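Peer 1: Sequence first, then the predicted structure, then my questions.
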Amino acid sequence: GLSRSGRKPQGAFGAEPWAIETSWQQGDALDKESCMEHMKDADAVVVAVGSPPLPFVDKALQVKMNGTTNTVPLEAAASLKKPPRVVLINATMPAWAPEGYVEGKRMAEDAARSYAAEKKVATAVLKPGVVTGTRYEGSIPIPVWVGMLPLSAACGAFPGVMARLRQTFPWLLEGALVAPVDVDKLASVAIDAAAGQGSFSEPEFYEVSWEELTKSQS
């Protein structure tokens, strides 16, 4: 794993088995040379960098955090003699999401599509809506999944109603009224894509929607 400090996440999050078992290296997603150095022997690269769509955050900063931090690693991968498979964690977004967030996420997806077309390697873009699970603030666990239970239940019990609501009020609800994706399921799909397993075995571009992600977790 690549982090600015070269260390695993701090607090309780860093005590998770995956964090302990990962080999952490110091690097910067905005530094192409740094990315190339750490990718040179990689078979696959998972890019999962971004910031939340907060309305009060500066547009330029949101474009940087959700776009440039994703495109630079892709540029680095494209510069290698043996381009690796790529998995990009992106997002499904409503039309009213902050402009900088939307622009950054679209920039990242465009870069992934170009990478797949030019390098002829498997490239997957995963596009969940809300990602649910347990978040850690230092050593304090925050069960985000509890707050998502009503939406998860409604989307699971009344998918037709939810679809009609999205169609009736597309600007407001399309990309917003979608079933949450469990973080463990998202990670599982990302691992399959990185390993080129299952439906990700061909050297082509894959766009995995929130519908597909939530189907596989039901």
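Peer 2: That came through fine.
Peer 1: so where's the chain uncertain?
Peer 2: Applying pLDDT under 70 to the chain flags residues 12-13, 216-218.
Peer 1: where exactly do the helices run in it?
Peer 2: Per DSSP state H, the chain carries helices over the ranges 17-21, 32-39, 59-63, 69-78, 99-119, 144-157, 159-168, 170-173, 183-195, 210-215.
Peer 1: Pull the contacting residues for the residue most central in space within the chain.
Peer 2: Centroid-nearest residue in the chain: I89, 1.8 Å away (criterion: CA atoms, centre = their mean). I89 is in contact with V46, V47, A48, G50, L126, P128, L186, A190, counting by CB atoms under 8 Å, 6 or more residues apart in numbering. Just so you know, the C-beta spots here come from the backbone N, C-alpha and C atoms, and that holds for glycine as well.
Peer 1: pretty sure L80 contacts H38?
Peer 2: No. Judged on CB atoms under 8 Å, L80 makes no contact with H38 at a distance of 10.9 Å.
Peer 1: Mind listing what's buried along stretch 50-60?
Peer 2: G50, P53 (16 or more other CB atoms under 10 Å).
Peer 1: For it, list the C-alpha coordinates in CSV.
Peer 2: C-alpha atoms of stretch 50-60 as CSV (Å, rounded to 0.1, in the frame of the first residue of the first chain):
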residue,chain,number,x,y,z
GLY,A,50,-10.5,11.0,-3.0
SER,A,51,-12.4,13.4,-0.7
PRO,A,52,-16.1,13.5,0.1
PRO,A,53,-18.5,15.8,-1.9
LEU,A,54,-18.8,18.5,0.7
PRO,A,55,-20.5,21.7,-0.7
PHE,A,56,-18.2,24.1,1.2
VAL,A,57,-14.9,22.7,-0.2
ASP,A,58,-13.1,24.8,-2.8
LYS,A,59,-13.8,23.5,-6.4
ALA,A,60,-10.1,23.4,-7.3
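Peer 1: Go ahead and name everything in contact with it.
Peer 2: Contacts of stretch 50-60 (CB under 8 Å, 6+ apart): 61-62, 65-66, 69-70, 89, 91, 93, 97-101, 103-105.
Peer 1: Give me the distance from it to the chain's centre.
Peer 2: Stretch 50-60 sits 16 Å away from the centroid of its parent chain (CA atoms, centre = their mean, to the nearest Å).
Peer 1: Same check on stretch 80-92?
Peer 2: Using CA atoms, centre = their mean, the offset of stretch 80-92 from its chain centre is 11 Å.
Peer 1: That one: which residues count as buried?
Peer 2: Buried-residue list, stretch 80-92, by 16+ other CB under 10 Å: L80, P83, P84, R85, V86, V87, L88, I89, N90, A91, T92.
Peer 1: now swap in stretch 32-48 and tell me
Peer 2: Buried, per 16+ other CB under 10 Å, within stretch 32-48: K32, S34, C35, M36, H38, M39, A42, A44, V45, V46, V47, A48.
Peer 1: CSV for those, including distance to P159?
Peer 2: Shown next, in CSV, are the buried residues of stretch 32-48 (distance: CB to CB, whole Å):
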residue, distance to P159
K32, 43
S34, 44
C35, 40
M36, 44
H38, 42
M39, 40
A42, 38
A44, 33
V45, 34
V46, 29
V47, 30
A48, 28
